[in-house]
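1. predicted structure and sequence below. I'll ask about it afterward.
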Amino acid sequence: MQRRTFLSRGGAAVAAVSPVGLAWADAGPSVSAPWAPPRALAPVRAVADRLIDISVCTRPFRPQGPRIEAERRGGKTIVHNYGHGGSGWSLSWGSAQFALPMVLATREKQVAVVGCGAIGLTMARVAQRAGLRVKIYAKDRPPEVRSSAATGVWSPDSRISTEEHATAEFVQRWEWMARASFKTYQSLLGLTGDPVEWHDGYVLSDLPFDQPLPPPPIEDIEPDYPDLESRIRELWPRSVPLRAHEHPFRVPHVRRYTQMVYNLSVYSRLLYDDFLREGGEIEHREFEHPRQFAGLRERTIVNATGYGARALFGDASIVPVRGQTARLIPQPEVNYNLIYRGHNLVMVSRRDGVLVQAMGERDFGNESVEPDRALSEAAVQRLAQLFS
Ligand SMILES: Cc1cc2nc3c(=O)[nH]c(=O)nc-3n(C[C@H](O)[C@H](O)[C@H](O)COP(=O)(O)OP(=O)(O)OC[C@H]3O[C@@H](n4cnc5c(N)ncnc54)[C@H](O)[C@@H]3O)c2cc1C
């Protein structure tokens with residue numbers, strides 16, 4: 001275990017959502033934003049009694065990256081697609097497209113998908129689009145799945161592998177999946193309810209962006225993660241530094257970035273409804289052992305159980321990384337995101353609420369999904385200070 005270099009790069013909160021494309025640390029010559037009058041940004045009504053939901057989820061992190069491979073077991077083909085760390089939503093389309101040839105190679109026309117989170121639902125849609133009949137088996141479905149507690153931003157490189165496991169082959173596969181996902185997400189813009197949209201965001205910092213933050217407490221240490229962002233940086237606008245008259249914040253260092261946001265309630269509903277409309281079936285089912293797959297009528301089964309694969313398949317390499325998100329009552333007029341570097345604060349304005357994320361202590365390896373209200377209330381308080 002080494003110090004979390006990402007903490008010094010961007011702050012804990014930044015790493016939590018991995019807003020790729022910010023690139024403040026290596027922005028090169030200081031390209032200033034074109035002159036613009038101070039942005040009149042609607043303030044967030046950041047008070048704890050407006051909190052309407054607090055959700056906790058464990059990122060299914062595997063140091064070696066997601067497991068996407070086929071195996072034969074008990075006369076069935078199991079195509080594994082799990083272990084996407086903090087990048088499950090972002091990589092979901094690419095990951096499913098990567099797994100699809102393994103499914104098609106079995107020549108089965110009916111397939112089962114076990115799991116109904118970001119990965120299972122998207123896998124089911126990709127298989128349907130390839131002409132297959134799909135049945136989902138899962139013990140939970142949205143909004144009860146862990147995926148529903150995510151922040152909901154494009155973060156394909158967030159806790160996706162450790163640096164030491166980022167071989168050339170891994171990086172090439174990751175880049176392929178990230179590009180394929182990004183492409184699909186652009187086709188989901190402009191739909192009713194805005195399942196996917198782009199927002200401006202502001203990174204605020206008390207220290208210059210090239211100055212590292214103090215190291216985290218020893219108990220918050222995480223492994224070093226690879227720098228993957230540079231592989232796909234041309235996909236979206238780069239962040240730009242703003243001068244004092246170009247933003248409304250009383251913080252000395254501010255950069256504006258642009259970020260893809262997933263409105264998870266409506267987006268999950270879209271995936272789910274499309275799945276049913278195209279003939280998909282869903283059955284409530286909990287498996288205690290893969291032996292129970294023998295009872296399924298399908299002979300090809302995609303395992304998209306996320307963190308559940310740790311118990312179901314005995315995959316002890318999956319590390320839980322706890323994360324908590326809270327939502328304030330929606331404010332449609334707040335159409336931007338915020339990151340306060342070094343203050344463990346991320347805000348994403350989604351259609352289903354103003355999402356406030358704060359990291360707790362000892363999130364890495366922590367499998368507790370008990371909400372900690374005090375943590376979210378403290379984050380809301382820090383947010384309020386930005387508008388006072
Ligand atoms: C706080 C936080 C913020 C995040 N933010 C982002 C973000 O902004 N962008 C991003 O891309 N990613 C983000 N992530 C990561 C993302 O949420 C995960 O990578 C993703 O949810 C994993 O999806 P999944 O479908 O594999 O797992 P899950 O959502 O856990 O789904 C697993 C499915 O399998 C089923 N299942 C499990 N075990 C069994 C069993 N034994 N029998 C039957 N069914 C079973 C479950 O019921 C469920 O339906 C975030 C994570 C956290 C914690």
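-> Yep, that arrived.
2. surely Ser239 touches Val203?
-> Yes. The pair Ser239 / Val203 is scored as a contact, 7.0 Å apart, by CB atoms under 8 Å. For every residue, glycine as well, the C-beta is placed using N, CA and C.
3. of the two, who's got more company?
-> Using other CB atoms under 10 Å, the more surrounded residue of Ser239 and Val203 is Val203, with 27 against 23.
4. verify the stated contact: Val348 with Tyr336.
-> No. With contact defined as CB under 8 Å, Val348 does not reach Tyr336; the gap is 9.4 Å.
5. the stretch 51-200 of the chain: helices as residue ranges?
-> 88-104, 118-129, 168-186 (DSSP state H, counting those that start in this stretch).
6. show me what from the stretch 1-150 of the chain comes close to the ligand.
-> Proximity of the stretch 1-150 of the chain to the ligand, by CB under 6 Å from any ligand atom, involves residues 17, 57, 59-60, 82, 84-90, 114-120, 138-140, 145-147, 149-150.
7. list only those of the residues you listed flagged as buried.
-> For those, a neighbour count by 16 or more other CB atoms under 10 Å gives the buried set as 17, 57, 59-60, 82, 84-90, 114-120, 138, 140, 145-147, 149-150.
8. can you tell me how far Pro215 sits from Gly342?
-> Here the criterion is CB to CB, to the nearest Å. By it, Pro215 lies 12 Å from Gly342.
9. and the two? Which one has more around it.
-> Taking neighbours as other CB under 10 Å, Pro215 and Gly342 compare with Gly342 leading, 21 against 13.
10. on that earlier part again, which one of the helices of the stretch 51-200 of the chain lies closest to Leu207?
-> Closest to Leu207 of these, according to CB to CB: helix 88-104, at 28.1 Å.
11. which helices and strands sit right next to that closest one?
-> strand 67-73, strand 76-82, helix 118-129, helix 168-186, strand 300-303 (3 or more CB pairs under 8 Å, 6 or more residues apart in numbering; DSSP states H and E).
12. try it again at 6 Å.
-> strand 67-73, strand 76-82, helix 118-129, helix 168-186 (3 or more CB pairs under 6 Å, 6 or more residues apart in numbering; DSSP states H and E).
13. ok, residues contacting that helix?
-> Here helix 88-104 makes contact (CB atoms under 6 Å, 6 or more residues apart in numbering) with 68, 70, 79, 81, 84, 111, 118-119, 122-123, 126, 130, 150, 154-156, 177, 180-181, 184, 262, 300.
14. and it with helix 168-186, angle?
-> 110 degrees (axes from the mean of the first three to the mean of the last three CA atoms, to 10 degrees).
15. avg pLDDT for helix 88-104?
-> Taken as a whole, helix 88-104 has an average pLDDT of 98.
16. tell me, how many residues neighbour the closest residue to His247 other than its chain neighbours?
-> Spatial nearest neighbour of His247, excluding adjacent residues (CB to CB, 6 or more residues apart in numbering): Val254 at 4.9 Å. Using other CB under 10 Å, Val254 has 21 neighbouring residues.
17. and for Glu370?
-> Neighbour count of Glu370, defined by other CB under 10 Å: 7.
18. can you pull the contacts of the residue lying closest to it once chain neighbours are set aside?
-> The spatial neighbour of Glu370 that comes closest, neighbours along the chain excluded (CB to CB, 6+ apart), is Val56 at 6.8 Å. Neighbouring residues of Val56 by CB under 6 Å, 6+ apart: Gln324, Val369, Pro371.
19. Leu189: which of the residues you listed is nearest?
-> Once CB to CB is applied, the member of the contacts of Val56 that ends up nearest Leu189 is Gln324, at 28.7 Å.
20. and that closest one, what element?
-> If you go by DSSP states H and E, Gln324 is part of strand 319-328.
21. direction included, what does the following helix or strand past that strand pair against?
-> For strand 319-328, the following helix or strand on the C-terminal side (DSSP H and E) is strand 336-341. Strand 336-341 sits in its sheet next to strand 196-205 (parallel), strand 345-350 (antiparallel), going by DSSP bridges.
22. who's in contact with the residue in the stretch 101-250 of the chain that the ligand sits nearest to?
-> Residue of the stretch 101-250 of the chain nearest the ligand, by CB to the nearest ligand atom: Gly117 (2.2 Å). By CB under 6 Å, 6+ apart, the contact set of Gly117 is Val145, Ser147, Gly306.
23. for it, phi and psi?
-> Gly117 adopts backbone torsions of phi -90, psi -160, taken as degrees, to the nearest 10.
24. quick one: Tyr267 is in a helix?
-> Yes. Membership of Tyr267 in a helix is supported by DSSP: H, G, I helix; E, B strand; the rest coil.
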